[in-house]
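In: I would like the atomic coordinates for the input below:
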Amino acid sequence: MRAVVQRVTHSAVTVDERLVCEIGPGLMVLLGVGRDDTEQDAAFLAEKIVHLRIFEDKAGKMNRSLLESGGAMLVVSQFTLLGDCRKGRRPSYTDAAPPEQAERLYDHFTERVRALGIHTATGRFRAMMKVSLTNDGPVTLIVESK
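Out: Below is the predicted model of the structure:
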């Protein structure tokens, strides 16, 4: 499982020109699910991201987690994160999980984040979405379960 984690001041998702969800300060997470991923990968990644110390404390150091900062998380499924670009010019998505498996693990990830006490918004699985965000810092990390 692979996630692109961005610290944001605001993030939103629209589908067909309609607002689906939005958050204020917190994290925007693009989540890619691989064929070999399991519920353990989803749980590990949820714990890891919620507890990453990437928010500033009073001294201006990145020393606080999302949980400590009181921020929200917006999670968007993104199979293209599993694209293999090593050969040719067209990415191969053979490492990406089939849609049914990906949706199940995406849901498991978001349920784990919510269980940790984080207000969590989600995009719409398998929809063409417009994702907007204001990256704070900017702070952007890639986090993987394997």
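In: which residues in the protein form strands?
Out: Remark: strands assigned in the chain by DSSP state E are 2-15, 18-23, 26-32, 55-56, 62-64, 72-77, 120-122, 130-144.
In: now the last one against strand 26-32, angle please.
Out: Strand 130-144 and strand 26-32 are oriented at 70 degrees to each other (axes from the mean of the first three to the mean of the last three Cα atoms, to 10 degrees).
In: In the protein, which residue is most central in space?
Out: Centroid-nearest residue in the chain, with Cα atoms, centre = their mean: Val29, separated by 2.0 Å.
In: Tell me where the model's unsure across this protein.
Out: For the chain, no stretch has pLDDT under 70.
In: Identify the single longest helix in it, thanks.
Out: Scanning the chain for the helix with the most residues, using DSSP state H, yields helix 99-115.
In: which other helices and strands contact it?
Out: helix 39-51, strand 72-77, strand 120-122 (3 or more Cβ pairs under 8 Å, 6 or more residues apart in numbering; DSSP states H and E). The C-beta positions use only the backbone N, C-alpha and C, and glycine is treated the same way.
In: Tell me which of those sits most buried.
Out: Neighbour counts (mean count of other Cβ atoms under 10 Å) averaged over each of the helices and strands packed on helix 99-115 peak at strand 72-77, with a mean of 24.
In: Identify all contacting residues around that one.
Out: Applying Cβ atoms under 8 Å, 6 or more residues apart in numbering, the external contacts of strand 72-77 come out as 8, 11-13, 21-33, 49-50, 66, 102-103, 106, 109-110, 113, 118-123, 125-126, 129, 131.
In: Quick check: neighbours of it in the sheet, parallel or antiparallel?
Out: As defined by DSSP bridges, the strand partners of strand 72-77 come to strand 26-32 (parallel), strand 120-122 (parallel).
In: Nearest to Asp84, out of those?
Out: With respect to Asp84, and counting by Cβ to Cβ, the nearest of these is strand 26-32 at 11.7 Å.
In: roughly how far out does the closest one sit from the chain middle?
Out: Remark: strand 26-32 is offset 2 Å from the chain centroid, using Cα atoms, centre = their mean, to the nearest Å.
In: residues in contact with the nearest residue to Pro91 once chain neighbours are set aside?
Out: Once flanking residues are discounted, Pro91 sits nearest to Gly83: 3.4 Å by Cβ to Cβ, 6 or more residues apart in numbering. By Cβ under 8 Å, 6+ apart, the contact list for Gly83 reads Pro91, Ser92, Tyr93, Ala96.
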